[in-house]
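> Below is the sequence, then the predicted model.
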Amino acid sequence: MMVGDIMDRDLTSVAEETPLLEALALLAAHDTSGLPVLNSGGRVVGFLSEKDILRAAIPGYIGYMDENFSMPDIGKIKSRVNRVGMDPAKDYMNKSAVVFDEGETVSNALVTLFKRNVRRAPVVRGGSLVGMIDREKILRGFIQENFGDGEVDIPAGGK
């Protein structure tokens with residue numbers, strides 16, 4: 001099975017120059033955790049996730065994540081989001097994002113997603129966005145391919 005066989009054909013994305021607040025609104029409107037970032041030629045050049053936006057809003061927050069972590073006041077977070085909100089997506093996107101060709105095997109995609117700790121990734125044809133793939137979609141595709149549309153029989157004892 002190939003990535004192109006099971007990918008979502010949702011092409012929601014942002015341009016490199018899209019303001020961070022606009023990207024945040026798109027994430028919320030589409031109930032998604034990240035969006036591909038496209039250059040002026042329509043090529044995928046990065047990926048902007050909610051984690052990237054949190055890093056912009058709470059600089060160094062990953063480093064704070066230990067037993068002594070305390071979240072900054074929500075007012076400070078809002079203020080920081082407003083300060084960086086007009087900055088372009090390209091300033092915060094992951095430039096070495098995971099991207100799959102639609103002809104890649106689903107098994108290779110799944111291994112890559114887990115190894116890189118990525119939930120979802122853009123799918124391209126010749127560098128241009130044609131869809132998105134995520135771990136849930138891959139698992140659903142696996143179940144459909146191996147068990148059909150019927151119920152999955154789980155042996156007694158869960159084995």
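Looks like it came in fine.
> So for stretch 21-34, what gets flagged as buried?
For stretch 21-34, the neighbour count (16 or more other CB atoms under 10 Å) marks Glu22, Ala23, Leu24, Leu26, Leu27, Thr32, Gly34 as buried. In this view, the C-beta of every residue, glycine as well, is placed from N, C-alpha and C.
> Point to the helix or strand of this protein where mean pLDDT is at its lowest.
Ranked by mean pLDDT, DSSP states H and E, the weakest helix or strand in the chain is helix 61-64, scoring a mean of 54.
> okay, now Lys115: neighbour count?
Lys115 is flanked by 9 other residues according to other CB atoms under 10 Å.
> same deal with the one 4 residues further on?
The local packing count at Arg119 equals 13, with neighbours defined by other CB under 10 Å.
> what's the spacing between it and Leu21?
Distance, Arg119 to Leu21, by CB to CB, to the nearest Å: 23 Å.
> what residues does stretch 7-20 touch?
Contact with stretch 7-20 is made by 22-23, 26, 30, 32, 35-40, 44-46, 48, 53, 56, 81, 84-93, 102, 122-123, 129-134, 137, as judged by CB atoms under 8 Å, 6 or more residues apart in numbering.
> One more: stretch 105-116?
Residues from elsewhere that reach stretch 105-116 (CB under 8 Å, 6+ apart): 1-3, 5-6, 98, 100, 118-121, 133-135, 138, 141-142.
> quick check: mean pLDDT across it?
When pLDDT is averaged along stretch 105-116, the result is 91.
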